[in-house]
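Engineer: I'll drop the sequence and a predicted model, then ask my questions.
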Amino acid sequence: MENKANRFLAGLYDVVEVAITALVIATLLYVAGFRQAQVVGDSMQNTLQSGQRLLLNNFFYEPSRGDIVVINRYHAEKTYSALDLELGRDEPLIKRVIAVGGDTVQVESDAVYVNGKRLDEPYVYSSQNMLQPNDPYGMTVEVPEGYLFVMGDHRDESLDSRWSEVGLIKTSDVMGKAVWRLTPFGGIE
């Protein structure tokens with residue numbers, strides 16, 4: 001009987017050891033730089049769809065032009081308010097980096113220019129909506145060091161750096177770069 005009890009305890013010890021090891025590894029991965037976020041809304045169509053889950057990398061990550069990043073809405077100065085919480089708009093922002101510190105951005109109705117060069121943006125989705133009188137086109141912005149100018153791929157549906165409610169984003173507010181889709185599983189084009 002004692003031998004059976006010892007085997008049970010040894011087996012239980014092994015299970016607990018594996019569970020603790022898995023928990024430690026998961027915690028280290030989270031702390032070291034891998035997180036997840038969910039796409040909410042249509043601002044990144046057709047690249048990303050609402051409801052998709054993304055794997056983020058923030059391990060020694062420095063934002064670059066063209067990256068899709070997730071921005072912590074709680075810390076972004078202009079994007080968070082008590083009204084946002086009331087309306088359920090406390091989720092992170094997912095946008096594409098258009099310009100980094102030191103760049104000059106010019107946004108026109110038909111193109112975006114960074115440092116005087118027109119961006120090649122095959123990912124931009126447009127529903128061909130008519131431009132509204134208050135649309136933020138014809139603007140030029142100099143991005144200070146430590147900040148980013150971000151835009152959604154679905155420009156007609158994106159609240160982004162073109163709008164005063166969001167404005168420029170501090171690089172410290174970036175939670176990470178979207179590197180992989182978890183649902184549905186696959187890369188990010």
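Structural biologist: All right, it came through fine. Residues are numbered from 1 along each chain as shown.

Engineer: I'd say Val39 and Asn46 touch.
Structural biologist: No: using Cβ atoms under 8 Å, Val39 makes no contact with Asn46, being 11.9 Å away. Where you see a C-beta, it was placed from the backbone N, CA and C, and this is true even at glycine.

Engineer: got any residues that touch both of these two?
Structural biologist: Residues touching both Val39 and Asn46 by Cβ atoms under 8 Å, 6 or more residues apart in numbering: none at all.

Engineer: now Ala178: phi and psi?
Structural biologist: The phi and psi values for Ala178, taken as degrees, to the nearest 10, are phi -70, psi 120.

Engineer: what is the burial count for it?
Structural biologist: 24 (other Cβ atoms under 10 Å).

Engineer: residue contacts, it?
Structural biologist: So Ala178 contacts Ala37, Leu48, Leu54, Leu55, Leu56, Asp67, Ile68, Val69, Val70, Ile94, Ile188 (Cβ under 8 Å, 6+ apart).

Engineer: hang on, the second one in a helix?
Structural biologist: Spelled out, that is Leu48. No: under DSSP: H, G, I helix; E, B strand; the rest coil, Leu48 falls outside any helix and is assigned coil.

Engineer: residue contacts, it?
Structural biologist: Val39, Leu54, Ile68, Ile94, Asp153, Ala178, Arg181, Ile188.

Engineer: the same query, at a cut-off of 10 Å, please.
Structural biologist: 39, 41-42, 54, 68, 94, 96, 123, 152-154, 178, 181, 188-189 (Cβ atoms under 10 Å, 6 or more residues apart in numbering).
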